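Colleague: the following block contains a protein sequence and its predicted model.
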Amino acid sequence: MASPEPAGSGTAVSSAGVHGALPVHAPGPHSNASIAALDAGTISARLDRLPATRAIWKLVVLLSLGFFFELYDLLYTGYVAPGLVKSGLLTTTTHGLFGTTGVASFIAALFSGLFIGTIACGFLADRFGRRAVFTYSLLWYTVANVVMAFQESATGLNFWRFLAGVGIGVELVTIGTYISELVPRQIRGRAFACEQAVGFMAVPVVAFLSYLLVPRAPLGLDGWRWVVLIGAHGALFVWWIRRELPESPRWLAQQGRVAEADRVMSALEAKVRREFGRDLPPPAPPMPVAARGSFGDMWVPPYRNRTLMMTLFNVFQTVGFYGFANWVPTLLIKQGITITTSLMYSSVIALAAPLGPVIGLFIGDRFERKTVIVVMAAANIVCGLWFSQAAGPVLLVSLGVCLTLASNIMSYSFHAYQSELFPTSIRARAVGFVYSWSRFSAIFTAFLIAWVLNGFGTVGVFVFISGAMLIVMLAIGLMGPRTKGLELEKISR
């Protein structure tokens, strides 16, 4: 419970405002009812009762635009890899298991940065707020990518890709945390599906740009450099996006900044009520909200089992997701297809990337998140093994589309799921920790896939991926709690 503010220093909210009418702002000390309205649990209850109007979805779309630029930078790796090889900066395979001049080292540099960004810097959003960290981490990796685009050696390329990865890692954690706290409970699944649908539009964009530019050198500059520089234009939009986003009221209240949380909620309630056209429904009785958390809070029940489950899940899910997404052009080339044709096929496959989350807009809150994750991991196994045996272009592209759909439906589902499993006090820190192990896994996965591809071909790669997906199914299927339609505070008890 927050203490009353000094007279004239804050904004009071009447009990009518808490229960659905427009808030009444008045100077002076808070009444007992007003103080209750500023309680962190009450802030969450007020947010969860909001209907999903245009004002709510606008916040989701703005954050999704940030995710678009992030995914562009994260996923162009596989599409520019043939250009990096063609320019002589990198080689397709590595000299030794951990060589530093192959495509695998470029991928590993990115995921090394992602690992540091998520495990060591995830606490930043818990400490300084979702809004500030969302903004500055995007600017960080944009600058790093611009510098990387002008490197002339494998060492410089990998170093700046590593620094970009740090910023992308922080951004990944922050956006998921931000969305889970800004939307009411009944649309969390669809909100994450929207985020991923907008974000994964970056995949066909980067694939098509790579198809046009990577085999060429416009104005004497290698095509892959153009692909990187075009993505850096995300920085032009970041300040506009930032102006339109409020800080998470749940985070503000949990930090004890309850008057600020109330102001954010009151403004949001006013917008929603105007669009809703009638009084808002009353909030449910508030649930207790934990005080500020620490790293140790992840290791007490019930969070200990969730931390272990999501760590195991993230170590192995990245094998399937990035094992295909980052290597699809190279896998196609390995099967005898030319660079240009491989990039064309990859562009067609990439068109399916946003379709998985679009499907999620219809099913995101109808099925348990854990069930969707298990089913999509199984689909990944079946389609991957079939892809490794395919030869005809129609079948290759069709199976590539199915793999992309399965991976991206699983992606929006688990991003929502892991954000739901931890309380506000440690949400960014905990999500950063468990998610970081997918980045750590990807560092070595890049080298392992390069080694398997060299020794056992495409079939070996997909057998390796299938084993990882089986562990994913067992971890979530056996250990995962149910979350569909529950308040974040109830899941956290």
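Modeller: Arrived safely, thanks for sending. Keep in mind that this is a model prediction, so the values were computed, not measured.
Colleague: for the rest of this, base every contact and every neighbour count on C-alpha atoms.
Modeller: Will do.
Colleague: after the helix or strand hosting S388, next one along is what?
Modeller: Following DSSP states H and E, the helix or strand that holds S388 is helix 369-389. Downstream of helix 369-389, the next assigned helix or strand under DSSP H and E is helix 393-420.
Colleague: packing partners for whatever helix or strand comes next after that next one?
Modeller: Sequence order places helix 427-479 as the next helix or strand after helix 393-420, per DSSP H and E. When contacts are defined as 3 or more Cα pairs under 8 Å, 6 or more residues apart in numbering; DSSP states H and E, helix 427-479 sits against helix 103-119, helix 123-128, helix 154-182, helix 303-325, helix 328-334, helix 369-389, helix 393-420.
Colleague: ok, which of the ones you listed comes nearest K271?
Modeller: K271 lies closest, by Cα to Cα, to one member of these: helix 154-182, at 14.2 Å.
Colleague: show me where pLDDT drops low in the chain?
Modeller: Applying pLDDT under 70 to the chain flags residues 1-38, 92-101, 288-292, 325-327, 329-331, 333-340, 343, 493.
Colleague: any idea how far apart the tips of stretch 214-231 sit?
Modeller: Its start and end residues considered, stretch 214-231 measures 14 Å (Cα to Cα, to the nearest Å).
Colleague: buried residues, that stretch. List them.
Modeller: 214-215, 222-229, 231 (16 or more other Cα atoms under 10 Å).
Colleague: stretch 106-120 too?
Modeller: 106-120.
Colleague: next one: stretch 480-493 to chain centre, how far?
Modeller: Taking Cα atoms, centre = their mean, to the nearest Å, one finds stretch 480-493 lying 20 Å from the centre of the chain it belongs to.
Colleague: confirm D279 sits in a strand?
Modeller: No - D279 is assigned coil when assessed by DSSP: H, G, I helix; E, B strand; the rest coil, not a strand.
Colleague: on that earlier part again, deepest-packed of the helices and strands packed on helix 427-479, please.
Modeller: For the helices and strands packed on helix 427-479, the largest average neighbour count (mean count of other Cα atoms under 10 Å) is found in helix 103-119, namely a mean of 28.
Colleague: and that helix, what does it pack against?
Modeller: Looks like helix 103-119 contacts helix 54-86, helix 154-182, helix 427-479 (3+ Cα pairs under 8 Å, 6+ apart).
Colleague: make a markdown table out of the ones you listed and add distance to A377.
Modeller: Shown next, in a markdown table, are the helices and strands packed on helix 103-119 (distance: least, Cα to Cα, whole Å):
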| stretch | distance to A377 |
| --- | --- |
| helix 54-86 | 20 |
| helix 154-182 | 21 |
| helix 427-479 | 6 |
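Colleague: so which of these comes closest to V397?
Modeller: helix 427-479 (15.1 Å).
Colleague: how is the protein divided into domains?
Modeller: 1-38, 54-246+290-487 (automatic domain parsing).
Colleague: how about the ones you listed in TSV, adding distance to A261?
Modeller: Shown next, in TSV, are these (distance: least, Cα to Cα, whole Å):
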stretch	distance to A261
domain 1-38	8
domain 54-246+290-487	10
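Colleague: in this structure, which residue is closest to the centre?
Modeller: For the chain, L172 is the residue whose C-alpha lies nearest the centre (Cα atoms, centre = their mean; 4.6 Å).
Colleague: tell me the contacts of it?
Modeller: By Cα atoms under 8 Å, 6 or more residues apart in numbering, L172 lies in contact with 67, 70, 118.
Colleague: ok, W224 next?
Modeller: The contact partners of W224, by Cα under 8 Å, 6+ apart, come to 80, 83-84, 210, 213-214.
Colleague: mind checking how far it is from Y136?
Modeller: For W224 relative to Y136 (Cα to Cα), the value is 26 Å.
Colleague: likewise for I471?
Modeller: Distance from I471 to Y136, by Cα to Cα: 36 Å.
Colleague: looking at the domains of the chain, which is closest to A270?
Modeller: Nearest to A270, of the domains of the chain and by Cα to Cα, is domain 1-38 at 5.8 Å.
Colleague: any chance of CSV for the contacts of W224, columns distance to V61?
Modeller: Listed next are the contacts of W224 as CSV, based on distance: Cα to Cα, whole Å:
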residue, distance to V61
V80, 28
G83, 33
L84, 34
S210, 26
L213, 29
V214, 30
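Colleague: closest to S419 among the residues you listed?
Modeller: After measuring these against S419 - Cα to Cα - the closest member comes out as V80, at 31.5 Å.
Colleague: so where does the residue lying closest to the closest one once chain neighbours are set aside fall, helix or strand?
Modeller: Nearest non-adjacent residue to V80, counting by Cα to Cα, 6 or more residues apart in numbering: W224, 5.3 Å away. Secondary structure assignment for W224, by DSSP H and E: helix 223-231.
Colleague: any idea of the angle that helix forms with helix 54-86?
Modeller: Between helix 223-231 and helix 54-86, the angle formed by their directions is 160 degrees, by axes from the mean of the first three to the mean of the last three Cα atoms, to 10 degrees.
Colleague: output the contacting helices and strands for the helix or strand that comes right after helix 223-231.
Modeller: Heading C-terminal from helix 223-231, the first helix or strand you meet, by DSSP H and E, is helix 235-244. Helices and strands touching helix 235-244, as assessed by 3+ Cα pairs under 8 Å, 6+ apart, comprise helix 54-86, helix 130-148.
Colleague: dump the residue contacts of the closest residue to A109 other than its chain neighbours.
Modeller: Nearest residue to A109, sequence neighbours excluded (Cα to Cα, 6+ apart): F162, at 4.7 Å. F162 sits next to 109-114 when contact means Cα under 8 Å, 6+ apart.
Colleague: reformat those as TSV; add distance to R482.
Modeller: Output for the contacts of F162, formatted as TSV (distance: Cα to Cα, whole Å):
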residue	distance to R482
A109	36
L110	33
F111	30
S112	32
G113	32
L114	29
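Colleague: and those, which is closest to L157?
Modeller: Among those, and counting by Cα to Cα, the member closest to L157 is A109, at 9.0 Å.
Colleague: list the contacts for the closest one?
Modeller: 158-159, 161-162, 165, 443.
Colleague: of all pairs in these, which one spans the longest distance?
Modeller: The widest separation within the contacts of A109 (Cα to Cα) is 14.1 Å, between F159 and I443.
Colleague: from G480, how far off is R304?
Modeller: 12 Å.
Colleague: kindly apply the preceding question to L138 instead.
Modeller: Taken as Cα to Cα, the span from L138 to G480 is 32 Å.
Colleague: the more surrounded of the two?
Modeller: Taking neighbours as other Cα atoms under 10 Å, L138 and G480 compare with L138 leading, 25 against 18.
Colleague: isn't that one right up against G169?
Modeller: No - with contact defined as Cα atoms under 8 Å, L138 does not count as touching G169 (9.9 Å).
Colleague: could the contacts of L172 be laid out in a markdown table, adding distance to L385?
Modeller: As requested, the contacts of L172 are arranged in a markdown table below (distance: Cα to Cα, whole Å):
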| residue | distance to L385 |
| --- | --- |
| F67 | 30 |
| E70 | 30 |
| T118 | 31 |
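Colleague: list the residues that contact S388.
Modeller: Per Cα under 8 Å, 6+ apart, neighbours of S388: 458-459, 462.
Colleague: name the member of the residues you listed with the most neighbours.
Modeller: F462 (28 neighbours).
Colleague: which residues does L163 contact?
Modeller: 110, 113, 141, 144.
Colleague: could those residues go into CSV alongside distance to V452?
Modeller: Shown next, in CSV, are those (distance: Cα to Cα, whole Å):
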residue, distance to V452
L110, 20
G113, 24
Y141, 31
A144, 31
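Colleague: between those residues, which sits nearest V382?
Modeller: L110 (28.7 Å).
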